[in-house]
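Trainee: Structure here, sequence nowhere to be found:
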């Protein structure tokens, strides 16, 4: 499917000349019930009301943590992002919880603490976190905020959405205490968000002065800023200018999206990539009473479908790039997306996830996307759903294949394979990498990524072990690993799928530098789905000269049992087993234990992982190695 030519300027060409006619004026824009509209808030299921009132009650005695100059400097001193962000996020979680509790209860019990939260956040020198200050135009190397430089990052935009929605929901009771509270919100929003958004074109994520490929920053920030302008900007002329600019910058993101809908940042980022694009489209749709509608566009539908195409089972997903192998999707957003594009499979995945993980968990409590979900609860849980468990998916633009034994079930073997190039967003050097699950459980895995530090998005990124090809399921040749950059990529990629066979092959030699001595390395995956299913991996390679310094690495969460020459057994804690057969006449197997010290990885994998190495027994300059994997 070729969507090029239909993607560029999708929004601007259709709607930019008619914004004033299409968009509801400020005085008539009422997307959510205000706190005084008790009859509507009372329609929310009591379980949700009780949940948020309880959350609010835990913050009635909340002591708003101080953020000091030294806190800002922590990032520049040692790259630590956690200490500052914990305080920063505690404030916002507290305020969001208090606001929702007040809206659910409507008795004024939480108003004083809401005012404290508003005032505390308005007093912050910057809404931008230190890790992002280094890319603002007037930043200082010590990360002390320069208040004359009003940059807009992900965190500033999230704060903007929180403040604008709080103002919209609670202006009447807040004004009854003091008009200066909401007045302060309007002042801070104008100088920190509205004026910079309208006046600056140099913010990289806007894509207006750069050819850089857009990533999740674009729809994520735009969704928050668009919501804030719609809710809080009283000048319709400025609102229309902002909407036109959102269209222009969002078109840059849409134009850079893979035509297969794939998210090269990994599925954990879909929530704030494809999901945030949905937020923008939904805001346009609602603010225009349905006149601005892109939901029938093929690309928009493909972006939504990505999520179930990389779903393995339960909270397990294909986690290439910086994605986690286990996470909870934004089920409410996925459900609403599926409803808009008329995709039953996405609705099924979302409904199943919502029932399993209710209420949905997220570190980002974004009010403008949360409030609509409160009124969907009965619809989402009205019918018990199971995930679609699609049998085959091929995302040809980002070159990701997924396959399972049978449609509609997580039982049996599951295979995911990655081609592409080594300059993708949140890239790992992992061309030819693959995952194998069995009955929904992980056996050969992608490790994921540790807690972000200053190093993660620096020139030293590929010094981090989880980013290196040596810790992915790919070859290591003459001690040389894959390199980063768009030039290092898969070639000769071919894919086919039939009832009894799913197959992908690629030449991965181009992902290694010349000094590796690689001439060609054709890696072929054959997923045989006959009576006794198994996965066959064939590595057919040629080198410039003989060497025995060739090894295949396999990462597993289970301690391997090297039973005899040519067989490795993997057995998990539940007693489930996977068998790997290889050519013991050519290869010798051994493994090493990897101790995990990062909390983010420990949550997923526990304290240990294991790296299996299949190493050449003798020097070769060409060979064909075959590995079979079966239950």
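Mentor: Happy to help now that I have it. What you see is a predicted model; the values in this text were computed from it and never measured. Numbering: from 1, shown residues only.
Trainee: so residue 493 makes contact with residue 508?
Mentor: No: checked against C-beta atoms under 8 Å, the pair residue 493 and residue 508 is beyond contact range at 9.7 Å. From N, CA and C alone the C-beta is placed, and that goes for glycine too.
Trainee: And the two? Which one has more around it.
Mentor: Neighbour totals were compared for residue 493 and residue 508, and residue 508 leads with 28 against 16 (other C-beta atoms under 10 Å).
Trainee: For the lowest-mean-pLDDT helix or strand in the chain, name the packing helices and strands.
Mentor: Scoring the helices and strands of the chain by mean pLDDT, DSSP states H and E places helix 377-381 at the bottom, with a mean of 77. When contacts are defined as 3 or more C-beta pairs under 8 Å, 6 or more residues apart in numbering; DSSP states H and E, helix 377-381 packs onto helix 331-341, helix 344-356.
Trainee: Output these in JSON lines; the columns should cover mean pLDDT, distance to residue 121 and mean neighbour count.
Mentor: Rendered in JSON lines, the data for the helices and strands packed on helix 377-381 read as follows (pLDDT from 0 to 100; distance: least, C-beta to C-beta, whole Å; neighbours: other C-beta atoms under 10 Å):
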{"stretch": "helix 331-341", "mean pLDDT": "95", "distance to residue 121": "25", "mean neighbour count": "24"}
{"stretch": "helix 344-356", "mean pLDDT": "93", "distance to residue 121": "30", "mean neighbour count": "21"}
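Trainee: Switch those helices over to JSON lines; also include distance to residue 267.
Mentor: Shown next, in JSON lines, are these (distance: least, C-beta to C-beta, whole Å):
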{"stretch": "helix 331-341", "distance to residue 267": "11"}
{"stretch": "helix 344-356", "distance to residue 267": "11"}
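Trainee: of all these, which lies closest to residue 306?
Mentor: Between residue 306 and the helices and strands packed on helix 377-381, the shortest gap by C-beta to C-beta is with helix 344-356, which sits at 9.4 Å.
Trainee: Next, the angle helix 331-341 makes with that closest one.
Mentor: Between the direction of helix 344-356 and that of helix 331-341, the angle (axes from the mean of the first three to the mean of the last three C-alpha atoms, to 10 degrees) works out to 160 degrees.
Trainee: one step back: overlap in contacts of residue 493 and residue 508?
Mentor: For the pair residue 493 and residue 508, residues contacting each of them under the criterion C-beta atoms under 8 Å, 6 or more residues apart in numbering are residue 419.
Trainee: Show me what the helix or strand following the least confident helix or strand of the chain is packed against.
Mentor: Proceeding N to C from helix 377-381, the next assigned helix or strand is strand 392-395, under DSSP states H and E. In this structure, strand 392-395 packs against helix 298-309, strand 400-404, strand 491-497, with contacts taken as 3+ C-beta pairs under 8 Å, 6+ apart.
Trainee: Partner strands of strand 392-395, with direction?
Mentor: Listed by DSSP bridges, the sheet partners of strand 392-395 and their directions read strand 400-404 (antiparallel).
Trainee: Identify all contacting residues around the partner strand.
Mentor: Residues lying outside strand 400-404 but in contact with it, judged by C-beta under 8 Å, 6+ apart, are 262, 309-310, 318, 320, 389-395, 410, 412-420, 495, 497, 502, 504, 525, 527.
Trainee: ok, now with 6 Å
Mentor: Defining contact as C-beta atoms under 6 Å, 6 or more residues apart in numbering, one finds that strand 400-404 is touched by 391-394, 414-418, 495, 502, 504, 527.
Trainee: Most neighbours among these, which one?
Mentor: In terms of neighbours by other C-beta under 10 Å, the contacts of strand 400-404 top out with residue 417 at 30 neighbours.
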